[in-house]
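> just the structure for this:
(one chain, ligands or ions: 2)
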Amino acid sequence: MKKSIFITAVSFMLCFFSVGLAFSMPSGPKLFKEYYCIDCHTLGHQGGTVGPDLSKIGKTKSLAWIKAQIFHPGSHFLLGTKTKINGKMYLVRMPGFKTIPPAVANKLAEYIKTFPSRRQNFSYKIPKGLALFRADNCVACHTINGVGGKVGPNLSHIGKTKSLSWIETQIIDPKVHFTYGVPTTINGHTYLVIMPTLNKISSSQLNTIAKYLESLK
Ligand code: HEC
Ligand code: HEC
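Ligands and ions are numbered 1, 2, ... in the order given. Sure, this is the predicted structure:
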């Protein structure tokens, strides 16, 4: 009797755990776009051409090979040289995504490994706020979900502690919050206060970018 209760409890826990994982891990197409892969690679019809089309990659490369390429392209290709892939020449310059959380890289590699597949479901649209975050070069100094610079604080959970209006002010007038040129400690790390003022931004773009950041809990 006791044993069966135990087994039931364990299977309930496992069930909740896997449901939790299914909800928290973004889909393959989402990762492919949010982690910049799409800027350089096509999967079918959309995407960049700086790197090879990946829509048949699953036929020729193993899962382990794909994961290694994401973390450390240098293990396959020599940076700065030219290499021929599927009959086309490429300048080797894929960045290593060493800071992507391993679970994310696994999911991404598993997704790509399924290609070519009939159900490509590649319709995910990148949030406008994230696109602006990149276009306005915030990403050069700030990391979100493992990608970006370290000159400024990690913003992956900024919406937990900061309001929409606080974030808007930080973007157009950071000196309201921090004194320029002075080191300041944020979440246990010390930063030199150098965030530039972005005064060329329209109010709707400002709102879009701030809303996106505020949604990161
Ligand atoms: C700045 C452009 C760029 C970005 C961003 C980029 N790649 Fe690449 N990728 C390349 C180039 C160029 C190559 C050719 C070899 C190299 O540079 O290492 C390549 C090669 C590859 C290959 C091997 C292709 C083959 O047929 O052998 C895979 C797999 C791959 N990339 C996956 C990804 C994934 C997944 C991401 C996102 C996490 C990504 N790439 C982001 C440019 C990029
Ligand atoms: C040149 C590097 C740099 C660029 C570009 C930059 N930031 Fe910052 N950011 C910083 C630094 C350093 C700080 C710490 C405080 C300061 O400098 O004002 C900061 C602070 C922040 C904070 C507060 C973080 C916290 O935890 O309190 C937010 C939000 C922020 N930046 C958003 C942005 C956005 C959005 C953009 C693009 C429009 C951007 N930053 C562009 C360097 C940068």
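
> show me where the protein has its strands.
Taking DSSP state E as the test, the strands found in the chain are 82-85, 88-91, 143-144, 147-148, 183-186, 189-192.

> of all the ones you listed, which lies closest to Pro29?
Among those, strand 147-148 comes nearest to Pro29, with 16.6 Å by Cβ to Cβ. For the C-beta atoms, the positions are set from N, CA and C on the backbone; glycine is no exception.

> before we move on, the earlier item: lowest-confidence stretch among the strands of the chain?
Lowest mean pLDDT of the strands of the chain: strand 147-148, a mean of 88.

> what lies in contact with that strand?
Tyr35, Tyr36, Phe97, Thr99, Ile100, Cys138, Val139, Ala140, Cys141, His142 (Cβ atoms under 8 Å, 6 or more residues apart in numbering).

> identify the residue nearest the geometric centre of the protein.
Tyr35 (3.7 Å; Cα atoms, centre = their mean).

> how near is that residue to ligand 2?
Separation of Tyr35 from ligand 2 (Cβ to the nearest ligand atom, to the nearest Å) stands at 19 Å.

> tell me who's in contact with that residue.
Counted by Cβ under 8 Å, 6+ apart, Tyr35 has contacts Phe97, Ile100, Val104, Leu108, Asn145, Gly146, Val147.

> same question for Gly58.
Gly58 neighbours (Cβ under 8 Å, 6+ apart): Ile112, Lys113, Thr114, Phe115, Pro116, Ser117.

> what's the pLDDT at it?
93.

> please apply the same query to Ile5.
In this prediction, Ile5 has a pLDDT value of 51.

> circling back: so which of the contacts of Tyr35 reach ligand 1?
With the criterion set as Cβ under 6 Å from any ligand atom, the members of the contacts of Tyr35 near ligand 1 are Phe97, Leu108.

> sitting in helices, which of the contacts of Tyr35 do you find?
Under the assignment DSSP state H, the contacts of Tyr35 contribute Val104, Leu108 to helices.

> now the contacts of Tyr35: which count as buried?
For these, a burial check counting by 16 or more other Cβ atoms under 10 Å picks out Phe97, Ile100, Val104, Leu108, Asn145, Gly146, Val147.

> adding distance to ligand 2 as columns, could you present the residues you listed in JSON lines?
Shown next, in JSON lines, are the buried ones among the contacts of Tyr35 (distance: Cβ to the nearest ligand atom, whole Å):
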{"residue": "Phe97", "distance to ligand 2": "20"}
{"residue": "Ile100", "distance to ligand 2": "21"}
{"residue": "Val104", "distance to ligand 2": "22"}
{"residue": "Leu108", "distance to ligand 2": "25"}
{"residue": "Asn145", "distance to ligand 2": "15"}
{"residue": "Gly146", "distance to ligand 2": "17"}
{"residue": "Val147", "distance to ligand 2": "14"}
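
> which bits of this protein sit near ligand 2?
136-138, 140-142, 151-153, 155, 158, 167, 170-171, 174, 178, 186, 191, 193-196, 198, 209, 213.
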